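# Quick one, structure for this:
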Amino acid sequence: MEITLLATLYVLVATYAVLSLVRGLLRRRGQCCYMLDYECYKPPEDTKLDTDSCVRVILRNKNLNLDDYRFLLKTMVRSGIGNDTYGPRIVLEGHEEAPTLPEAYQELDEVFQQTVSKVLASTGVAPSEIDILIVNVSLFSPAPSLTSRIVNHFKLRDDIKTFNLAGMGCSASLVAIHLVQELFKTRDNALALVVSTESMGSHWYCGKEKSMIISNCLFRMGGCAILLTNDRARAKDRALMKLGRSVRIHHGSHDESYSCCIQAEDEVGHQGFRLTKYLVKAAAQALEANLRILLPQVLPIRELVHYKLANALANNPFAKRKTRKARVGLNLKSGIDHFCVHPGGKAVVDTVGKGLNLSDYDLEPSRMALHRFGNTSAGGNWYVLGYMEAKKRLKRGDKVLMISLGAGFKSNTCVWEVMRDLDRPNVWEDSLKDYPRANLDNPFMEKYGWLNDECLNFVRLDEANMWG
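Predicted coordinates:
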């Protein structure tokens, strides 16, 4: 009797263990996240913010003087931004001091409607099939929400789950991707649409504080729509990439990191976005903390062991000082093939590249995206990815590391696996022949370098005639 009861108990326990294992495996199958397609926003040609257009915008700001002009010239020359980026229509038409609500809506509607329409058309997905919608615009959060605006325009389902992410800064797109990854764990065979952009025109800075006017020099119009699924049947032979690991780091508890990139008012009440000198250091600290978590999960064990052993020998306290070797860094290329660094500015790209020991080839996509499109905030990583695809760099099995940095201060990363060789026309189609460029200089110094002439310190500038 006791033996029979014990045997029955063992069978029940074994059955429960097997069922738990099967349930776990099935749940894990549903936790996958595939990218079906992405579409970057291509602004109209009449919104190009070339050198002369920039000067016209600057001259409208009557708060600026010669020293401010020189500062802006130096900033633009060093920015890494070219002559073919796009500006918000609000600014180009001279409405930046008093933008209207309809103008702010129109700016975002153009991004939403172009990118979402294209990504749905390219994948053959109907609006009614979308289960999850996430929109991230940091500086503009009206009511009804921007997600509601997209639901209304595309007539999405009544039971759609929507999330409106505001205030996340340039790293918002990867925050949204991570959110999708988590939501997919609770819902099978779902489709998620992520839309990333920024409200530029209605938040243009019209004062003269140097730490705030820098944002006018760096940020440009852009955005992206990304369609994701955890439906393996739908993803088969159609998915571009599969999401692997993703890590988020938030240094908001560090006072200097929190305030290095922040929306604020200057001393006379002009609103804008303040970027302090601590920004690059905050980015480096946040990224280092992020990679300490991510890299052990994505690099091969042999590289991690080699790194530990090499540095243990380098730090050997019993070795003579002259025989000690310099510390050895991780070889990221042992597990990563491509590096999608957020094109936040030349200093940011160069600092990340130096810290990770990346080559000019590795950083080329970020530098070219910055030059061609500028810092498009949360959409920036996707223009970098688009460049890689347009240049036929992305082959099946390749691993792509996306790195985003944004206000908070936040560092978000994720690793994608390319599911098939990628070679499709995209936002780079009309300008790809001009890239890469060995010389990324813009025309500002050539045209306006005379502003640095010391003779101008002793004359009164006639703004109506001095620009020619």
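# Please, where are all the helices along the stretch 101-250 of the chain?
Shown for the stretch 101-250 of the chain, the helices assigned by DSSP state H, counting those that start in this stretch span residues 101-123, 146-154, 172-183, 210-218, 232-235.
# To clarify, my last question referred to the stretch 351-468 of the chain.
Secondary structure of the stretch 351-468 of the chain (DSSP H, counting those that start in this stretch): helices at 360-373, 380-390, 444-448.
# Run through the neighbouring helices and strands of the last one.
Think helix 444-448. Applying 3 or more Cβ pairs under 8 Å, 6 or more residues apart in numbering; DSSP states H and E, we find helix 444-448 packed against helix 51-60, helix 66-78. Just so you know, the C-beta spots here come from the backbone N, C-alpha and C atoms, and that holds for glycine as well.
# In CSV, please show the C-alpha coordinates belonging to it.
In CSV, the C-alpha atoms belonging to helix 444-448 read as follows (Å, rounded to 0.1, in the frame of the first residue of the first chain):
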residue,chain,number,x,y,z
PHE,A,444,30.0,77.3,-42.3
MET,A,445,33.6,78.2,-41.9
GLU,A,446,34.2,78.8,-45.6
LYS,A,447,31.2,81.2,-45.8
TYR,A,448,31.3,82.8,-42.4
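# roughly how far out does that helix sit from the chain middle?
Distance, stretch centre to chain centre, for helix 444-448: 30 Å (Cα atoms, centre = their mean, to the nearest Å).
# tell me which residues of that helix are tucked away?
Burial within helix 444-448, assessed by neighbour count using 16 or more other Cβ atoms under 10 Å, is assigned to 444-445, 448.
# Including mean neighbour count, distance to Cys217 and mean pLDDT, could the helices and strands packed on helix 444-448 go into CSV?
Below are the helices and strands packed on helix 444-448 laid out as CSV (neighbours: other Cβ atoms under 10 Å; distance: least, Cβ to Cβ, whole Å; pLDDT from 0 to 100):
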stretch, mean neighbour count, distance to Cys217, mean pLDDT
helix 51-60, 16, 8, 90
helix 66-78, 17, 5, 90
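# Show me the one of the ones you listed that comes nearest Gly201.
helix 51-60 (11.2 Å; Cβ to Cβ).
# relative orientation of that closest one and helix 210-218 in degrees?
Helix 51-60 and helix 210-218 are oriented at 150 degrees to each other (axes from the mean of the first three to the mean of the last three Cα atoms, to 10 degrees).
# follow-up on the earlier one: now the buried residues of helix 444-448 as JSON lines including pLDDT and distance to Leu101?
Formatted as JSON lines, the buried residues of helix 444-448 follow (pLDDT from 0 to 100; distance: Cβ to Cβ, whole Å):
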{"residue": "Phe444", "pLDDT": "86", "distance to Leu101": "33"}
{"residue": "Met445", "pLDDT": "85", "distance to Leu101": "39"}
{"residue": "Tyr448", "pLDDT": "84", "distance to Leu101": "35"}
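# Which residues are in contact with Arg367?
80, 343, 346, 349, 436, 440 (Cβ atoms under 8 Å, 6 or more residues apart in numbering).
# hmm, which two among the residues you listed are most spread apart?
Across these, no pair lies farther apart than Lys346 and Pro436, at 15.0 Å, counting by Cβ to Cβ.
# More neighbours: these two, which one.
Lys346 (18 against 15; other Cβ atoms under 10 Å).
# Distance of the nearest residue to that one once chain neighbours are set aside relative to Tyr205?
Excluding the flanking residues, the one nearest Lys346 by Cβ to Cβ, 6 or more residues apart in numbering is Gly80, at 3.4 Å. As judged by Cβ to Cβ, to the nearest Å, Gly80 and Tyr205 stand 20 Å apart.
# Who has more neighbours out of these two?
Neighbours per residue, other Cβ under 10 Å: of Gly80 and Tyr205, the larger number sits with Gly80, 25 against 20.
# Can you report phi and psi for the more buried one?
phi 80, psi 10 (degrees, to the nearest 10).
# Any chance of the helices and strands packed on helix 444-448 in a markdown table with distance to Ala233 as columns?
Converted to a markdown table, the helices and strands packed on helix 444-448 look like this (distance: least, Cβ to Cβ, whole Å):
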| stretch | distance to Ala233 |
| --- | --- |
| helix 51-60 | 49 |
| helix 66-78 | 50 |
